[in-house]
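Student: Kindly return the folded structure for what I paste below:
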Amino acid sequence: MTDYTPRPDRFDRAGQPQLIDAHDLEVTQPGVRALGAWTHERLGLRPGDSALDIGSGTGSEVFTFADAVGPRGTAVGVEPDPDLLASATRRATERGSTATFVSGDAYGLPFGDNTFDAVLCERVFQHLTAPARAATEIARVLRPGGRAVVVDADWATAIIHPGAPEVARAVIDTLISSTTNPFSGRRLAGLLTDAGLTVDEIGSHALVQDRTIGAGALVNRIADLAVLRGTVTPEARDQLRTDLQEAAARGHTHISVTVFATLAHKK
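Tutor: Residues are numbered from 1 along each chain as shown. The predicted structure follows:
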């Protein structure tokens, strides 16, 4: 599975250390694939189009863009992390892809106005202290008639089951307080509207961890943080892990978060 471990300097140096990511839920590939299919269908890339992925990581989405727009089109990824940027560039060479990658971030895209037919920004806004600036940048680089899809989690929708409700709630509260912009998913449409774009559709998909896995990487990490902060006792954390592990043996766990995707266009 792709390594989605976030880097503290990847999104916003003024934000909190980035401990949280929806893809830290284990074995969520069906949900990820469904959301990806929705995104690419709504962007509707055609041969000759120009497409941008903001926060492109190791480049997977940009490679898909390059295949869709063909040799007459342009597929570009913007990524501030130099290691991820180097990895994406190396992968493009190995694949013989026309995808290109440049250094930059959501606050200052290194492109002129009205450049792209399509823009994707996935799992970035939750890490931003000034998401309105990023929405304005998306609107700026879109051509009239261009489409944007912005995707992010809303961590208030997180579910941990089973376990003592008060302990599960404390872990989720820790998760929320550890994220720079934890309610990003519900705010995307308003941000894009304020940036001058017209919202066409809002989609959502729950990323659900495999029910045969216990606490998993995300819950284990956040439960440990809750203990460090003193909101959960070590004994309560250990009992939560035990409850989840025993439930997983019977396929009874439910750990999830809902991710929202907003489609908008520029008039």
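Student: Residue ranges in this protein under the pLDDT threshold?
Tutor: Low-confidence segments of the chain (pLDDT under 70): 1-29.
Student: and Asp53, backbone torsions?
Tutor: phi -120, psi 120 (degrees, to the nearest 10).
Student: should've said Pro144
Tutor: phi -60, psi 130.
Student: What separation do you get for it and Lys267?
Tutor: From Pro144 across to Lys267, the span is 6 Å (Cβ to Cβ, to the nearest Å). Any C-beta I mention is one placed from the backbone N, CA and C, and that applies to glycine too.
Student: Please apply the same query to Gly48.
Tutor: From Gly48 to Lys267 the distance is 22 Å (Cβ to Cβ).
Student: cool, Asp243 as well?
Tutor: 52 Å.
Student: what about these two, which has more around it?
Tutor: Remark: of Asp243 and Lys267, Asp243 carries more neighbours, 21 against 8, as counted by other Cβ atoms under 10 Å.
Student: Now for that one: which residues touch it?
Tutor: When contacts are counted by Cβ atoms under 8 Å, 6 or more residues apart in numbering, Asp243 touches 162-164.
Student: same deal with Ala118?
Tutor: 43-45, 49-52, 65, 146-149 are the contacts of Ala118 under Cβ under 8 Å, 6+ apart.
Student: SS state for it?
Tutor: Secondary structure for Ala118, judged by DSSP: H, G, I helix; E, B strand; the rest coil, is strand.
Student: on that earlier part again, can you tell me which of the contacts of Asp243 is nearest Ile172?
Tutor: The closest of those to Ile172 turns out to be Gly163 (Cβ to Cβ; 10.7 Å).
Student: thinking again about what came up before, nearest to Val78 among the contacts of Ala118?
Tutor: Lowest distance from Val78 to those (Cβ to Cβ) belongs to Leu52, with 6.7 Å.
Student: the strands in this structure, which residues?
Tutor: With DSSP state E, the ranges of strands along the chain come out as 50-54, 74-78, 100-102, 116-122, 142-161, 198-208, 254-265.
Student: circling back: can you add neighbour count and give the contacts of Asp243 back as JSON lines?
Tutor: Below are these laid out as JSON lines (neighbours: other Cβ atoms under 10 Å):
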{"residue": "Pro162", "neighbour count": "15"}
{"residue": "Gly163", "neighbour count": "24"}
{"residue": "Ala164", "neighbour count": "13"}
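Student: Distance check, Ala206 against Val151.
Tutor: For Ala206, the distance to Val151 equals 13 Å [Cβ to Cβ].
Student: joint contacts of these two?
Tutor: Counting by Cβ under 8 Å, 6+ apart, the residues touching both Ala206 and Val151 are Val259.
Student: burial of His127, as a residue count?
Tutor: Neighbourhood size, His127 [other Cβ under 10 Å]: 24.
Student: now swap in Asp83 and tell me
Tutor: Neighbours of Asp83 (other Cβ under 10 Å): 11.
Student: just wondering, since we're on Glu122, how far is it from Val102?
Tutor: 17 Å.
Student: quick one: which of those two has more around it?
Tutor: Glu122 (21 against 15).
Student: For burial, what's the neighbour tally of the residue nearest to that one when sequence neighbours are not counted?
Tutor: Of all residues not flanking Glu122 in the chain, Val151 sits nearest, at 4.1 Å (Cβ to Cβ, 6 or more residues apart in numbering). Other residues lying near Val151 total 26 when counted by other Cβ under 10 Å.
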